[in-house]
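Colleague: fold the following, please.
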Amino acid sequence: MMDPTRAILGTYGQVFIDGVWQTNINKLEAAVEVEKRELKLSGMEWTTHKLGVKKGTGTMSGYKVTSDMIRRGFTKFDIINKISDPEAYGFERIRLMNCMPDKLQLANWTAGEEVVEETAFTFEGYELLDPIVVG
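Modeller: Residues are numbered from 1 along each chain as shown. As a prediction, the model looks like this:
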């Protein structure tokens, strides 16, 4: 049975871009999608699949505090995602390699509200630096 105190809260998530902690980022999503090739083989009644190329996509968002993303332009960078929680079994760090923004947000504001900056990106690989293990 799961111990509910071990569930990791996103409260303790951190994003590092090229080694610099981005304290303004409060949301990060990243996923890898694989292209599967269908193979229909003689003598088999089931379609089988062969793994093809992979595509990494993600989005990070938070409060705008600097012009770093605009100044960076479309140059590639690495992101290190860290999730941890004092009550969890440990922490996890994943490096997203060769990230590149899909577009640059130059302006997006409303009077009386915090300015939120969202950056969609692609990446070309990942590395699990620190896995969470139980036991």
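Colleague: now the most centrally placed residue in the chain: how far from residue 85?
Modeller: Most central in the chain under CA atoms, centre = their mean is residue 30, positioned 2.9 Å from the mean C-alpha point. Note on residue 30: its distance to residue 85, by CB to CB, to the nearest Å, is 19 Å. Bear in mind the C-beta positions are built from the backbone N, C-alpha and C, glycine included.
Colleague: could you give the number of residues near residue 81?
Modeller: Residues contacting residue 81 under the criterion other CB atoms under 10 Å number 21.
Colleague: roughly how far apart are the nearest residue to it once chain neighbours are set aside and residue 69?
Modeller: What sits nearest to residue 81 in space, not counting adjacent residues and going by CB to CB, 6 or more residues apart in numbering, is residue 94, at 4.9 Å. Separation of residue 94 from residue 69 (CB to CB): 21 Å.
Colleague: ok, now residue 84?
Modeller: Where residue 69 is concerned, residue 84 sits at a distance of 25 Å (CB to CB).
Colleague: re the thing from before, partner residues bridging the residue nearest to residue 81?
Modeller: residue 81, residue 128 (DSSP bridges).
Colleague: bridged to residue 29, which residues?
Modeller: Under the criterion used (DSSP bridges), residue 29 bridges to residue 59.
Colleague: wouldn't it be in contact with residue 59 here?
Modeller: Yes. Contact criterion CB atoms under 8 Å: residue 29 and residue 59 qualify, at 5.0 Å.
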